[in-house]
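1. need a structure here:
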Amino acid sequence: MTDSVTWLRTPAAIRERAGLVLRHVENGQSPWFALDAAGLEAAVQATLKVTRQRFRDPTKIPFHSRWRHFEVGGRDRWAALAERMKDLPREEIARRRIDLAVVSVLLDAGAGGLWSYKESASGQSFMRSEGLAVASFNMFANGAFSRDSKNDPLRVDAERLARLTPNDIAMGFQVRGHNSLLGLEGRAGLLRKLGGVGLERPGALFDLLAQGTGGGPDVKAESILAVLLDRLASIWPSRLELDGVPLGDVWRHPTVGLVPFHKLSQWMSYSIVEPLQGAGLKVVELDALTGLPEYRNGGLLVDSGALRPKQKALLEKVFAPGDEAIVEWRALTVALLDQVAEHVRKHLGMDAASLPLVKVLEAGTWFAGRALAAERRKDGGPPIAVESDGTVF
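-> Reported below is the predicted structural model:
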């Protein structure tokens, strides 16, 4: 692999290219967006508002990860499954948690506003990311991803993933004519490809990461992302290539050039932290990873006025993920989330060690984006519409 490809897989590259897009917009060169300092402060205040509503003690804010979605509706779903695994070694429990987290994240791209999932155990219905989380969790709990669903259901095996069909996902996600889910083929395709990456199971990532510590307890957050992008690179659709290597969630901007994001891989990285910690490893340098460039965080910046659309078409058309406007929107989201986090810390009297970016996202920007979307649009959708194939957002 060339140095250029390796660099594009780093958080440093994501931040550098996002910064170049930010400068492009600051210089008034963008046909799509203008920046507004008052709007950025409004985004900070919206984030602080939901943070204070959700957490009386900001030192108790958890990480932004898939595990929070498994707790939706006031139910700790993982605790019930953990009871069934209590006799397993903690390393094997970590592998099974990573099994679940990886599959659930890959099924997490935007669901659209028409789909929902009704959980039989609770009778509750969930939409969007939480619905996708609960649906994938229950598929895991029922052995849908195991090679031996009867005798050893709580795991994910490559040989089962390789045979997974869109119909399997449709059944597990309650997809019907009146309950359609965007990107069904894309989601199933990602899982089938995951079954062919040479890992017996996603949980084998635990062993790769543990080996990478050299026997010590510390795992750098950036190392988690590097392992994921190395071992799972082949699952992503081949959009752009460099030196013959598919780049995944990397897009071309006419002024800046290649702009990497790796949104789902970073979401997966954040979601692997807790399984690693449960096995006694310590994840360090969390702030090396970036904010997630998806429609809730990006929507917060548009709806708060931090990003001002220069054209009405931006709020009226449906864009493809590779369109210039969307590449800019996502890059600006990465760059401005760092600024929002810095301002939130100042307001709360905290520093990056006590309130890393991953906790600001959870506290936080994601929920503020959702709250503003619900106030401004009947369907609670994002301010800018993007076509979803189930592999980006």
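2. contact partners of the strand or helix carrying A46?
-> Element membership for A46 (DSSP states H and E) is helix 37-54. Residues outside helix 37-54 that contact it (C-beta atoms under 8 Å, 6 or more residues apart in numbering) are 58, 61, 300-301, 304-308, 336, 339-340, 343-344, 347-348, 360, 363-365, 367-368, 371-372. For glycine as for every other residue, the C-beta is placed from the backbone atoms N, C-alpha and C.
3. hmm, try it at 7 Å
-> Applying C-beta atoms under 7 Å, 6 or more residues apart in numbering, the set of residues contacting helix 37-54 from outside is 58, 300-301, 304-306, 308, 336, 339-340, 343-344, 347, 363-365, 367-368, 371-372.
4. heading toward the C-terminus, what's the first helix or strand past that helix?
-> Per DSSP H and E, the helix or strand that comes after helix 37-54 is helix 66-69.
5. how about that following helix: buried residues?
-> Across helix 66-69, burial judged by 16 or more other C-beta atoms under 10 Å covers 66-69.
6. Using CSV, write out every CA atom in the following helix or strand past it.
-> Next helix or strand after helix 66-69 toward the C-terminus (DSSP H and E): helix 77-84. Output in CSV follows, covering the C-alpha atoms of helix 77-84 (Å, rounded to 0.1, in the frame of the first residue of the first chain):
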residue,chain,number,x,y,z
ARG,A,77,-30.7,-4.9,26.4
TRP,A,78,-27.0,-5.8,26.7
ALA,A,79,-27.3,-6.6,30.4
ALA,A,80,-29.8,-9.3,29.7
LEU,A,81,-27.6,-10.9,27.0
ALA,A,82,-24.5,-10.6,29.3
GLU,A,83,-26.2,-12.7,31.9
ARG,A,84,-26.3,-15.5,29.3
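7. what helices or strands is the helix or strand following helix 77-84 leaning on?
-> Going down the chain from helix 77-84, the next helix or strand is helix 90-106, by DSSP H and E. With contacts taken as 3 or more C-beta pairs under 7 Å, 6 or more residues apart in numbering; DSSP states H and E, helix 90-106 sits against helix 66-69, helix 128-141, helix 184-194, helix 205-211, helix 263-278.
8. List the buried residues of whatever helix or strand comes next after the second one.
-> Sequence-wise, the next helix or strand beyond helix 128-141 is helix 158-161, with elements assigned using DSSP H and E. Neighbour counts using 16+ other C-beta under 10 Å place 158, 160-161 of helix 158-161 among the buried residues.
9. Give me the residues contacting stretch 164-171.
-> Counting by C-beta under 7 Å, 6+ apart, 144, 184-185, 187-188, 191-192 sit against stretch 164-171.
10. can you check stretch 301-318 too?
-> Residues contacting stretch 301-318 (C-beta under 7 Å, 6+ apart): 31-36, 38-40, 42-43, 46, 325, 332-333, 336, 372-373, 376, 383-385, 387.
11. Pipe the buried residues of helix 158-161 into TSV and attach pLDDT per row.
-> Listed next are those as TSV, based on pLDDT from 0 to 100:
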residue	pLDDT
A158	97
R160	97
L161	97
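12. quick one: average pLDDT of the helix holding A46?
-> Helix 37-54 carries an average pLDDT of 97.
13. for stretch 295-313, same thing?
-> pLDDT averaged over stretch 295-313 gives 96.
14. I'd like to know which of the contacts of stretch 164-171 are buried.
-> Buried residues within those, counting neighbours by 16+ other C-beta under 10 Å: 144, 184, 187-188, 191-192.
15. Rebuild those residues as JSON lines, extending it with pLDDT and distance to L107.
-> As requested, the buried ones among the contacts of stretch 164-171 are arranged in JSON lines below (pLDDT from 0 to 100; distance: C-beta to C-beta, whole Å):
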{"residue": "A144", "pLDDT": "97", "distance to L107": "11"}
{"residue": "L184", "pLDDT": "84", "distance to L107": "10"}
{"residue": "R187", "pLDDT": "87", "distance to L107": "5"}
{"residue": "A188", "pLDDT": "91", "distance to L107": "9"}
{"residue": "L191", "pLDDT": "94", "distance to L107": "7"}
{"residue": "R192", "pLDDT": "95", "distance to L107": "12"}
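16. which one among those gets closest to V256?
-> R187 (29.9 Å; C-beta to C-beta).
17. ok, the closest one to S136 distance?
-> 10 Å (C-beta to C-beta, to the nearest Å).
18. Cool, thanks, signing off.
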